[in-house]
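Trainee: fold the following and give me the result.
(one chain, ligands or ions: 2)
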Amino acid sequence: MDAVLTVEGLSVVFDGFHALRGVDLRVCRNGVHALIGPNGAGKTTLLDAICGRVRPAAGRVRLDGRVDLVRLAEHRRARLGIARKFQTPSVFPQLSVRENLELAAAPPGLWATIVRPLSPTALDRIREVAALIHLAGASAQPAGTLAHGQKQWLEIGMLLVRQPKVLLLDEPVAGMTGAERADTAVRLTEVARRATVLLVEHDMDFVRRVADRVTVLHGGRVLCEGGMAQVAADPRVIASYLGREGTRHAAG
Ligand SMILES: Nc1ncnc2c1ncn2[C@@H]1O[C@H](COP(=O)(O)OP(=O)(O)O)[C@@H](O)[C@H]1O
Ligand SMILES: [Mg+2]
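Mentor: Numbers count the residues shown, from 1 in each chain. Ligands and ions are numbered 1, 2, ... in the order given. Sure, this is the predicted structure:
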């Protein structure tokens, strides 16, 4: 398998608490890979350790089977193609959809966009991403006036204009309506043609729809991995997580 990300023996310790205990994970290029598991399993911590927000106590994170990201700062990993979407919105509400995408596509620093206009290639890419996130018709609209789901998609668009290799999403459909979730499932599949998507999600219907591969985390360890059907039939997964699917999962 062509792995874009390879996590080897990753451990994260917070003040003596082992949040990740030797996690191994291979994420296949151009697909949607989902991380599921009960609250506190270490899913968010794993995304944090991949993007560089959290420093692991041990282990490696390889990009394209070569570069070990673990020693690199967050902004350097971002430049190598690791994009992370956080749960808190980071769009500029007064700026239009197009302006938000232009800022995201510009080199770091607001000043650069004022001094130097974007290249025709960058402008083409912005148009292409606006279409992909279904906001082409709303390019002049202030981002603050978008619906919740559209704002979430604008943020994903702001990551996509930088052409990441890996897109890390933490509970992307939280707070979305059923229609927005269905729409997001379709669009994420399109996104996965150009970038690899690694996401954390509690909505199992959504995971069933989008994920090519599922890894179940429990107590900081990988419990099992496979297709959704295979994982959902695993007695250990039913006992630790899916058996309680009828109960409401708090976002965590
Ligand atoms: N910054 C932190 N300091 C101390 N403990 C933390 C920190 N971040 C997460 N944890 C703990 O690590 C465990 C895993 O958390 P998290 O990765 O957020 O789980 P999940 O996303 O699967 O719900 C939890 O027990 C959580 O309380
Ligand atoms: Mg979490």
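Trainee: who does Lys85 form a beta bridge with?
Mentor: Leu169 (DSSP bridges).
Trainee: just Val67 next, same as before
Mentor: Beta-bridge partners, per DSSP bridges, of Val67: Leu63.
Trainee: how near is it to Ala239?
Mentor: To Ala239, Val67 is 38 Å away according to CB to CB, to the nearest Å. (Each C-beta comes from the backbone N, C-alpha and C, glycine too.)
Trainee: so for the two, which residue has more residues nearby?
Mentor: For Val67 versus Ala239, the count of surrounding residues by other CB atoms under 10 Å is larger for Val67: 15 against 12.
Trainee: correct me, but the more buried one touches Leu80?
Mentor: Yes: the pair Val67 and Leu80 passes the contact test of CB atoms under 8 Å, sitting 6.7 Å apart.
Trainee: what residues does whatever helix or strand Leu103 lives in touch?
Mentor: Assigned by DSSP states H and E, Leu103 belongs to helix 97-105. Residues from elsewhere that reach helix 97-105 (CB atoms under 8 Å, 6 or more residues apart in numbering): 91-92, 95, 110, 113, 118, 122, 125-126, 129-130, 135, 138-141, 143, 146, 154, 157-159, 161-162.
Trainee: restricted to buried residues, select those in ChimeraX.
Mentor: For the buried members of the contacts of helix 97-105, the matching ChimeraX selection, counting by 16 or more other CB atoms under 10 Å, is:
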select :91,92,118,122,125,126,129,130,135,138,143,146,154,157,158,159,161,162
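Trainee: filter the contacts of helix 97-105 down to just the ones in helices.
Mentor: Of those, the ones assigned to helices by DSSP state H are Leu110, Thr113, Ala122, Arg125, Ile126, Val129, Ala130, Leu154, Gly157, Met158, Leu159.
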